[in-house]
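Colleague: Okay, sequence plus prediction incoming.
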Amino acid sequence: MRRRAFLQQTAALSLGASLAMNAAPHAAPSREEFDAEQARRRKQLWSLLGDLPERKAPTAKVVKSERRDGYTLETLELDLNGIEPVPAYLLLPDKRPKSAPGLLYIHWHGGTYPVGKEELLTGQKVMPAYAPVCAEKGIVTLAIDSWCFGKRQRDPDGRTGELDAFKHMLWKGQTLFGMMLFDEWQALNYLAARPEVDAQRLGAFGLSMGATKAWWLAALDPRVRLCVDLCCLTDYEELIKIKNLKGHGIYYYVPGLLKVFQAHDINALIAPRPRLSLNGRQDLLTPPAGVERIRDHVLPLYERYGKKEDCRIELFDCGHEETPEMRKLILAAFDRYLLT
């Protein structure tokens, strides 16, 4: 009974649930009311992420600039958080419009702590590199090393460094995921301010940990025009049900989250902006029943407040990986929502 009461309370706080209770078209909240409720819930979501750094405009130092095949690669040192410098890559395509779309590329976890932002250039075993794609399409692309990854790896044993950072931050009233998201949000600010970029055409893209950050960031910041996430759309209750909390890294867990948000509530904050989420039926990090639950919750919001075709949440017969069919859908989404 306690659990049922808890879930009912959680549902009552849900933006989507409130719409469901007013399912009759004449009783549905107006777009203005919907937008206002989203803004309120965004503030609530930010508040769960712990004590965050002061919100100052990010600054950058160019460490190196080099010519690559079809683009210039700037190696940057960004000041995003006032605590430690953040290494980054900025990909500037040779062929791009005067005001080009911008993409925040967010790397995965996978236990590959030394890789970080290099993933943009090298890809991963489960996904070919995106640098050639972004260069060909004329998309200015920014990728940073997340906390504990790449040149920010905090210990020779990456997992030890990540656990230590998580514990240390908790002592200071911070959360590792909150600090990670703050850096990505600041990176988006930097990308939007670049003179080469059209700040009205910003996208967030990632696989696995990068996917989770992409849909959280899109929920937190309505400037993200297009959210594309691969292989990490997780319904929390379904993940608990299949007993796979161990499948996600320690960074993933936010204190108090389930008191006020389920995954579908967070994803509801993206609607009705364009969204492409591609996941594998054989991937235990994204239980299929949970993916379908999120899809069924947010699609009516697109039908009511935007366009149904702007939201695609799909399952494929694969594991934790990008398939060629997925790549085609992603490129089509870039074309439709960032390049036009």
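Modeller: Thanks, I have the structure now.
Colleague: Endpoints of stretch 51-63, how far apart?
Modeller: 30 Å (C-alpha to C-alpha, to the nearest Å).
Colleague: Centre-most residue in this structure?
Modeller: For the chain, A214 is the residue whose C-alpha lies nearest the centre (C-alpha atoms, centre = their mean; 0.9 Å).
Colleague: Check the secondary structure at that residue for me.
Modeller: helix (DSSP: H, G, I helix; E, B strand; the rest coil).
Colleague: Can you list the neighbours in contact with stretch 208-218?
Modeller: Applying C-beta atoms under 8 Å, 6 or more residues apart in numbering, the set of residues contacting stretch 208-218 from outside is 104-110, 146, 180-181, 184-185, 188, 204-206, 224, 227-234, 249, 251-252, 266-267, 269-270, 273, 275, 277, 285, 320. C-beta coordinates here come from the backbone N, C-alpha and C atoms, glycine included.
Colleague: mind redoing it with 7 Å?
Modeller: Contact with stretch 208-218 is made by 106-110, 180-181, 184-185, 188, 204-206, 224, 227-233, 249, 252, 266-267, 270, 273, 320, as judged by C-beta atoms under 7 Å, 6 or more residues apart in numbering.
Colleague: Of those residues, which belong to strands?
Modeller: Members of the contacts of stretch 208-218 lying in strands (criterion: DSSP state E): 106, 204-206, 224, 227-230.
Colleague: What score does the residue lying closest to P288 once chain neighbours are set aside have for pLDDT?
Modeller: Using C-beta to C-beta, 6 or more residues apart in numbering and skipping residues adjacent in sequence, the residue nearest P288 is R281, 5.0 Å away. At R281, the pLDDT value in this model is 97.
Colleague: Now that R281 has come up, it's in contact with P287, right?
Modeller: No - proximity of R281 to P287 does not meet the contact threshold set by C-beta atoms under 7 Å, at 9.4 Å.
Colleague: Just list the residues touching the residue nearest to P288, thanks.
Modeller: R281 touches 288, 315-317, counting by C-beta under 7 Å, 6+ apart.
Colleague: tell me which helix or strand of the protein sits lowest on mean pLDDT?
Modeller: Scoring the helices and strands of the chain by mean pLDDT, DSSP states H and E places helix 2-13 at the bottom, with a mean of 39.
Colleague: in what helix or strand does M326 lie?
Modeller: Using DSSP states H and E, M326 falls within helix 324-337.
Colleague: for V298, same thing?
Modeller: helix 288-305.
Colleague: How about residues contacting that helix?
Modeller: Residues outside helix 288-305 that contact it (C-beta under 7 Å, 6+ apart) are 16, 19, 28, 31, 34, 233-235, 238-239, 263-264, 267-268, 271-272, 279, 281, 308, 310-311, 313, 315.
Colleague: mind listing which of the residues you listed are in strands?
Modeller: Judged by DSSP E, strands contain the following of the contacts of helix 288-305: 279, 311, 313, 315.
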